[in-house]
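Participant: sequence first, then the predicted structure, then my questions.
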Amino acid sequence: MNQRPRFVDHIDLAALRTAVNCSRLFTKYLLNRWGAPSLIDDATLIVSELVTNAVKATGNMDEHPKWSELHDLKLIKVRLVGLEASVVFEVWDTSEDEPVLTEAGDDDEGGRGLFLVEELASRWGSYAQPRGKVVWAELPVYARTPGGLPIRQRKAPADPSVQPTQHDLGLLRRVRDGLQDL
């Protein structure tokens with residue numbers, strides 16, 4: 001982050017399944033306090049996925065863990081950094097294993113977390129820390145239309161030879177008209 005942060009806050013959580021919901025509530029609270037409620041849906045999804053991965057890597061995902069399983073409970077740290085044009089989410093855990101973006105099959109119940117982060121965030125990554133790692137994602141703050149809808153910037157295609165899709169305005173109008181007739 002080369003920009004000076006406008007807002008910074010963090011929370012330490014036990015590496016338990018409940019950390020996921022706590023991190024969502026924390027994120028929602030901060031974004032409301034920072035005056036950025038339009039980011040809440042994407043932000044809580046990103047934080048949920050990053051925290052889920054951190055708990056899976058270092059904690060206990062059981063819905064009802066036994067007391068005997070909690071004797072060496074690890075912590076995770078969730079940090080939000082509000083910049084001028086984006087919010088950065090950082091999740092620290094004690095695992096040294098780097099996150100791996102995988103492709104989940106159609107019938108798989110999980111494995112899409114980092115894919116969702118990659119789709120929502122303008123960029124994401126990880127870096128090593130003396131006792132673990134930090135996985136981070138940056139969510140841009142989009143300009144808004146007069147009606148309040150976000151104006152998202154298109155991501156550049158991975159292959160420069162691929163041209164952006166041209167929209168068939170006639171088809172789009174027919175779809176719009178068909179939806180209005182419903």
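Facilitator: Received the coordinates, thanks.
Participant: thought residue 134 was touching residue 125?
Facilitator: No - Residue 134 sits out of contact with residue 125 when judged by C-beta atoms under 8 Å, with a separation of 9.2 Å. Bear in mind the C-beta positions are built from the backbone N, C-alpha and C, glycine included.
Participant: the more surrounded of the two?
Facilitator: Just comparing residue 134 and residue 125: by other C-beta atoms under 10 Å the higher neighbour count belongs to residue 134, 17 against 12.
Participant: look at that one and give its secondary structure.
Facilitator: Secondary structure, DSSP: H, G, I helix; E, B strand; the rest coil: residue 134 is strand.
Participant: let me know the pLDDT of the residue nearest to the spatial centre of the chain.
Facilitator: The centre of the chain sits closest to residue 46, judged by C-alpha atoms, centre = their mean, with a distance of 1.5 Å. Per-residue confidence (pLDDT) for residue 46: 96.
Participant: quick check: it is in a strand.
Facilitator: No - counting by three-state DSSP, residue 46 falls outside a strand, being helix.
Participant: quick check: residue 9 touching residue 30?
Facilitator: Yes - at 5.6 Å, residue 9 and residue 30 qualify as touching, with contact defined as C-beta under 8 Å.
Participant: quick check: residue 13 touching residue 21?
Facilitator: No - using C-beta under 8 Å, residue 13 is not in contact with residue 21; the gap is 10.0 Å.
Participant: the more surrounded of those two?
Facilitator: For residue 13 versus residue 21, the count of surrounding residues by other C-beta under 10 Å is larger for residue 13: 20 against 12.
Participant: check contacts around the nearest residue to residue 133 once chain neighbours are set aside.
Facilitator: In space, and not counting its chain neighbours, residue 133 is closest to residue 126: 5.4 Å by C-beta to C-beta, 6 or more residues apart in numbering. By C-beta atoms under 8 Å, 6 or more residues apart in numbering, the contact set of residue 126 is 98, 99, 133, 134, 135, 136.
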